[in-house]
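>>> Build me a model from this:
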Amino acid sequence: MGESAAARDVDPAAGTPPSGEPGAGTAPGIELAGVSKRFQLSRGETIEALSGFSLRLEVGEFVAVIGPSGCGKSTALRLVAGLEQPDEGAVRLAGEPPAAIIDEGRLGVAFQEHALLPWLSVWGNIALPFKVRGRPVDEDQVRSLVELVGLTGFEKARPKQLSGGMRQRVSIARALVLRPDFLLLDEPFGSLDAVTRRQLNLELQDLWALRGITTVLVTHSVEEAILLADRIAVVSGRPGRVVLERDVPFDRPRGRDVEHLPEFRSLMDDLTTALDRAAAMTRGG
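Presented below is the predicted three-dimensional model:
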């Protein structure tokens, strides 16, 4: 096990992540630099979801993002996924705009809602990204992922015939099927029971170790963040911005035994306190 976790307070006014100046050295895996995002509401009102949001991931790094409800965590992920555009600041993946990476099939996304097509089988849902891009289905790749996520024997099953945990396995396999360089996970296990969620946490860690994909996980679970991530970013109340980053000091692979270490409990307590402080930062709250 490594040294105690390093904490890095982030200066929101600086608009740059603590790991270095934007664009310094080689291109990072993922970078959000000084990003702001506003949404138009009814009667001409606007809501500011993000302000001066900066976060940098190195290639192959796994970062978990935590923060109070409504702080803009999912908005930040949607910006990286190219589903929203920033009002200010820049979002880059390997130094490129998200659209360029998406066009090349190098980005995989899995959300809390699995969004499986009900008329397709497990095999068909996992193979779908090939067909959407007009590419021949790599059957070996689909077969490998079916096996990796523990669904051998369920290839012909429809989503309604699967448990919630099995549907999320299909969703994650589909996100990985094109061998992406980047993986975005937005509360993928949030709707599952505690036992299934913990099991899938361990399975996801194994999958990530095999693939080494640059990964962002948005989660409300501090325990999940510590178990899975190399680093944890704490986001303030709305408008969201990264106010603290903590390295996770535990060696991989991490089993359930790590949760009983005093250092694990101490890090959980520190991050929970940071979340309480972040929630108090909501503008106007």
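>>> what sits against the residue nearest the centre of the chain?
What sits nearest the mean C-alpha location of the chain, by Cα atoms, centre = their mean, is residue 217, with 2.1 Å. Residues counted as contacts of residue 217 (Cβ atoms under 8 Å, 6 or more residues apart in numbering) are 62-65, 185, 188, 224-225, 228-229. (C-beta placed from N, C-alpha, C; glycine too.)
>>> tell me which element it falls in.
strand 214-218 (DSSP states H and E).
>>> hey, where'd the helices end up in the stretch 51-200 of the chain?
Under the criterion DSSP state H, counting those that start in this stretch, helices of the stretch 51-200 of the chain are mapped to 73-80, 98-103, 122-132, 139-148, 164-176, 194-211.
>>> Out of the contacts of residue 217, which is nearest to residue 153?
Nearest to residue 153 out of the contacts of residue 217 is residue 188 (Cβ to Cβ; 22.7 Å).
>>> was I right about that closest one contacting residue 170?
No. The criterion here is Cβ atoms under 8 Å, and residue 188 misses it with residue 170 at 11.4 Å.
>>> Next, count neighbours for the closest residue to residue 141 other than its chain neighbours.
In this structure, residue 141 finds its nearest non-sequential neighbour in residue 177, 6.0 Å apart by Cβ to Cβ, 6 or more residues apart in numbering. Counted with other Cβ atoms under 10 Å, residues neighbouring residue 177 total 22.
>>> now do residue 41
For residue 41, the count of nearby residues is 9 (other Cβ under 10 Å).
>>> where does the closest residue to it other than its chain neighbours land in three-state SS?
Sequence neighbours aside, residue 47 is the residue nearest to residue 41 in space, at 5.9 Å (criterion: Cβ to Cβ, 6+ apart). With DSSP: H, G, I helix; E, B strand; the rest coil as the basis, residue 47 sits in strand.
>>> Dump the contacts of residue 217 to JSON lines, plus pLDDT and distance to residue 256.
JSON lines is the format used below for the contacts of residue 217 (pLDDT from 0 to 100; distance: Cβ to Cβ, whole Å):
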{"residue": "62", "pLDDT": "95", "distance to residue 256": "18"}
{"residue": "63", "pLDDT": "97", "distance to residue 256": "22"}
{"residue": "64", "pLDDT": "96", "distance to residue 256": "18"}
{"residue": "65", "pLDDT": "96", "distance to residue 256": "23"}
{"residue": "185", "pLDDT": "93", "distance to residue 256": "20"}
{"residue": "188", "pLDDT": "81", "distance to residue 256": "19"}
{"residue": "224", "pLDDT": "91", "distance to residue 256": "12"}
{"residue": "225", "pLDDT": "94", "distance to residue 256": "16"}
{"residue": "228", "pLDDT": "92", "distance to residue 256": "13"}
{"residue": "229", "pLDDT": "94", "distance to residue 256": "16"}
